[in-house]
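Asks: Mind looking at a prediction? Sequence and model below.
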Amino acid sequence: MSLPKFIVGMIFALAIVIGWSYFDGASPGAILLRAVVCAVIIQAGYFLLVFAMIGGTTPTSADKAREADRGTILNKVADGEKLSARRSLH
């Protein structure tokens, strides 16, 4: 699910909760509390959905090749040398 679809769906869901609360005769404080709780629940669900989608993916062949290249490079480096992505300015 893309982020724009999520935002539109969340706005509609919050509008429904707010409308339902208003027509139910809830106080403004209760309406606000229900909207906040609904928003938190929706956001947590979206986070868990994205987390499950990322966690469930298998590495692609490019990822496997990259890992294999890293292993061969690290094996060629002497024990006393260190690899660092930072470069010294000195």
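Replies: Structure received.
Asks: At which residues are the strands of this protein located?
Replies: Read by DSSP state E, the chain holds no strands at all.
Asks: Where do the helices of it begin and end?
Replies: For the chain, the helices defined by DSSP state H occupy 3-24, 28-55, 61-76.
Asks: any chance of the ones you listed in a markdown table, with mean neighbour count too?
Replies: (C-beta placed from N, C-alpha, C; glycine too.) What follows is the helices of the chain, written out as a markdown table (neighbours: other C-beta atoms under 10 Å):
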| stretch | mean neighbour count |
| --- | --- |
| helix 3-24 | 12 |
| helix 28-55 | 12 |
| helix 61-76 | 10 |
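Asks: Next, format those as JSON lines and append mean pLDDT.
Replies: Written out in JSON lines, the entries for these read as follows (pLDDT from 0 to 100):
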{"stretch": "helix 3-24", "mean pLDDT": "91"}
{"stretch": "helix 28-55", "mean pLDDT": "91"}
{"stretch": "helix 61-76", "mean pLDDT": "65"}
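Asks: From A62, how far off is A35?
Replies: Using C-beta to C-beta, to the nearest Å, one gets 44 Å for the distance from A35 to A62.
Asks: sorry, that was for R34
Replies: Computed with C-beta to C-beta, the distance linking R34 and A62 is 46 Å.
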